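> Give me a model of this one.
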Amino acid sequence: MVLGATLAAGTAALLMRRPQAAAAPLKHIGLPRARACPAVIHNNTVYLSGQVPDIPTLSTSDIAEQTRQTLSKIDALLLQCGTDRTRIVSSQVWVKDIERDFEGMNEVWNAWVGDDSQPKGVRACVQSPMAREHILVEIKVIAALP
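Residues are numbered from 1 along each chain as shown. Have a look, this model is predicted:
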């Protein structure tokens, strides 16, 4: 028992002497909302909150229009963070009705990310209920800084 206590004390002493790396600061981008910040930069990575369209005619817009509006917001946030869509490493897409909305969203998405010769990040797309009745799409991305 004494040996175990001695080893534990020695290990604790070594850990206390080891230089501690300074924690990388978080940089918040955009105006904070009640629940989340639109973007955070940490360790040369940009994390965007889920983005939804801000179309005044949300109740009459289709999936293509809502996807274009959402991707435009993502472009603006990425630019504000010092990166762009070519540096996206991961995307998550939620659509309200995958049977009805996937094809229209995907057509706009494909035009936005570019042709097959350009590298792209990973992407997942699932069906999900939305926070507001007329929202058809929400997109969240993670991107690298140059």
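> And stretch 90-106, what's buried?
Buried residues in stretch 90-106, counted by 16 or more other Cβ atoms under 10 Å: 91, 93, 94, 95, 96, 101, 102, 104, 105, 106. In short, each C-beta sits where N, CA and C put it, glycine included.
> now the end-to-end length of that stretch.
End-to-end distance of stretch 90-106: 16 Å, with Cα to Cα, to the nearest Å as the criterion.
> which residues of this protein fall in helices?
All helices of the chain, identified by DSSP state H, fall at 2-17, 63-81, 98-113.
> hmm, back to that, if we take the buried residues of stretch 90-106, which one ends up nearest to residue 50?
Of all the buried residues of stretch 90-106, residue 50 sits closest to residue 94, with 7.4 Å by Cβ to Cβ.
> mind checking how far the closest one is from residue 119?
Distance from residue 94 to residue 119, counting by Cβ to Cβ, to the nearest Å: 24 Å.
> thinking again about what came up before, between the helices of the chain, which gets the lowest average pLDDT?
In terms of mean pLDDT, the lowest-scoring of those is helix 2-17 (a mean of 51).
> Grab the nearest non-local neighbour of residue 82.
The spatial neighbour of residue 82 that comes closest, neighbours along the chain excluded (Cβ to Cβ, 6 or more residues apart in numbering), is residue 145 at 5.8 Å.
> The one you found - how many residues pack around it?
Counted with other Cβ atoms under 10 Å, residues neighbouring residue 145 total 13.
> so what's it up against?
Contacts for residue 145 were tallied using Cβ atoms under 8 Å, 6 or more residues apart in numbering; they are 41, 44, 45, 46, 81, 82, 83, 87.
> One more pass at 6 Å, please.
Taking Cβ atoms under 6 Å, 6 or more residues apart in numbering, we find residue 145 in contact with 44, 82, 83.
> Can I get the buried ones among those as something I can paste into ChimeraX?
Filtering those down to the buried ones (16+ other Cβ under 10 Å) takes a single ChimeraX command:
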select :83
